[in-house]
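> Can you look at this prediction? I've put the sequence above it.
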Amino acid sequence: MHPVLFEIPGLGFPIRSFGVMVAGGIFLAIWLWGKLLERYGDDPEGDPLRGSQVALWIVLGVFVGARLMYVTVEVSRYLATDKAEAVERYLAADTREERGMASAAMTPEDHQITAKVVGGHDFLHDPFLILMIWKGGLVMYGGLFGGILAGLWAGKRYGLKLANGFDTALTTSFLGLAIGRWGCLLVGDDYGKVVPAGKESLPFPITLKVPDLEWLRANPQSLFDHDLAGQTLWATQVWMSVNAFLLVAVGLFLLKRRRWYGQVGSWLIIQYSITRFLIEMFRGDEVRGVWFDGALSTSQLVSIFGFLLGVTLLVLRPGPDAPKRAA
């Protein structure tokens, strides 16, 4: 695990692996989108330029959507959770020192409840924290829908055919996701559950072993819970990366064979919803929220709506017919 790749000499400013991988994924996705617009665009000369303009808005939509969904989940969980008096005292504390004293009087159960609700409480009482995306997190599904909405708006503004842009942009967005998920692995985010007894010997990338407690304490930038030190987990970060690479391949395959604009994007939404729902069954970090007494995670809940959206688009066929191309 390498949450920090290096620090800028003289400044002590850390270059974090997650940020590097996300940025690299975004740049490669934008590059590939330009190539696809050259081949599949209605205007092979003008569409790549329009795409570069739209891409900036898509990236903004991804980050805004991902952050807003994270905040929404955290606030909803805070409002829906019954909190003990000790937890309320901790949340009401104004300084780190006061929270430290309140924490000392809490039971282990109080600490578990607090870990689930403190984020939502802090967002409600200090909305400025919403802008500080390095404190808290992002939810990929929010980024997906935020990017789609921003792309549709920007595509219309810059004259890019929406349904065709939807097909090509969604295909390349999974390339960005595939690379970004390796940033999750390096920082210790989006990890899986502890593997059952007897399966600890399964190799990487099926499983991964969390560093020991000494390493975790020396590297506080890592997001692995200290309770998981030395344990073997399902490597769900890698699974999600491989899944995204496969979706890129599926998108490229379907682009050559689509019968109408929007068909590729619809199928990709359906397939991602199914595969993400299944991978979530092995996820171990509950920071994104669980619902119905732990029966579904937030991502599984959104996967159901995503699946229904994709099926609806396939039935309605909102885009025009696509020209036939050589396979």
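Perfect, thanks for sending it.
> where exactly do the helices run in the stretch 151-300 of the chain?
For the stretch 151-300 of the chain, applying DSSP state H, counting those that start in this stretch gives helices covering 162-187, 213-218, 236-255, 263-280, 298-316.
> Lowest average confidence across the ones you listed, which one?
Averaging pLDDT over each of these singles out helix 213-218 as the lowest, with a mean of 86.
> quick one: contacts of that one?
The contact list for helix 213-218 (Cβ atoms under 8 Å, 6 or more residues apart in numbering) reads 210, 222, 224, 226, 229-230. Bear in mind the C-beta positions are built from the backbone N, C-alpha and C, glycine included.
> if we can go back for a sec, nearest to S76, out of the helices of the stretch 151-300 of the chain?
Closest to S76 of those is helix 298-316 (Cβ to Cβ; 9.1 Å).
> Tell me how far G51 lies from A66.
Remark: distance between G51 and A66 (Cβ to Cβ, to the nearest Å) = 21 Å.
> These two: which is more packed in?
Neighbour comparison, G51 and A66: the larger count goes to G51, with 27 against 22 (by other Cβ atoms under 10 Å).
> Phi, psi for A84 please.
Here is the backbone geometry of A84 (degrees, to the nearest 10): phi -70, psi 160.
> Where does the prediction get shaky in this protein?
For the chain, the stretches flagged by pLDDT under 70 are 1, 134-136, 285-294, 325-327.
> Have a look at it and report its longest helix.
The longest helix of the chain (DSSP state H) is helix 47-80.
> got the buried residues for it?
47-48, 50-51, 54-55, 57-59, 61-75, 77-78 (16 or more other Cβ atoms under 10 Å).
> tell me the angle it makes with helix 298-316.
Between the axes of helix 47-80 and helix 298-316, defined by axes from the mean of the first three to the mean of the last three Cα atoms, to 10 degrees, the angle is 130 degrees.
> Could you list every helix and strand in contact with helix 47-80?
helix 17-40, helix 108-125, helix 140-158, helix 162-187 (3 or more Cβ pairs under 8 Å, 6 or more residues apart in numbering; DSSP states H and E).
> CSV for those helices, including distance to F6?
Shown next, in CSV, are those (distance: least, Cβ to Cβ, whole Å):
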stretch, distance to F6
helix 17-40, 10
helix 108-125, 29
helix 140-158, 27
helix 162-187, 13
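> Deepest in the core, which of those is it.
Ranked by mean neighbour count, the helices and strands packed on helix 47-80 are led by helix 162-187 with a mean of 24 (mean count of other Cβ atoms under 10 Å).
> how far does that one sit from the chain's center?
10 Å (Cα atoms, centre = their mean, to the nearest Å).
> List the contacts of the residue lying closest to R259 once chain neighbours are set aside.
In space, and not counting its chain neighbours, R259 is closest to A322: 6.3 Å by Cβ to Cβ, 6 or more residues apart in numbering. By Cβ under 8 Å, 6+ apart, the residues touching A322 are 164, 258-261, 263.
> Between the helices of the stretch 151-300 of the chain, which one is closest to I133.
helix 162-187 (13.7 Å).
> which strands and helices sit next to that closest one?
Packed next to helix 162-187, using 3+ Cβ pairs under 8 Å, 6+ apart, are helix 17-40, helix 47-80, helix 140-158, helix 236-255, helix 263-280.
> most remote residue from the protein's center?
The centre of the chain is farthest from one residue, A105, which by Cα atoms, centre = their mean lies 35.4 Å away.
> didn't it look like it was pressed against A86?
Yes. Counting by Cβ atoms under 8 Å, A105 touches A86, with 6.0 Å between them.
> The longest helix of the chain versus helix 17-40: what angle between them?
Going by the same axes, to 10 degrees, helix 47-80 makes 140 degrees with helix 17-40.
> tell me how far the next helix or strand after helix 47-80 is from the chain's mean position?
Next in sequence after helix 47-80, counting helices and strands by DSSP states H and E, comes helix 85-92. Distance of helix 85-92 from its chain centroid, counting by Cα atoms, centre = their mean, is 31 Å.
> show me what contacts the residue lying closest to A55 once chain neighbours are set aside?
Leaving aside its chain neighbours, A55 sits nearest to I30 (4.7 Å; criterion: Cβ to Cβ, 6+ apart). Residues near I30 by Cβ under 8 Å, 6+ apart: 51-52, 55, 59, 172.
> I'm done for today, thanks for sticking with me.
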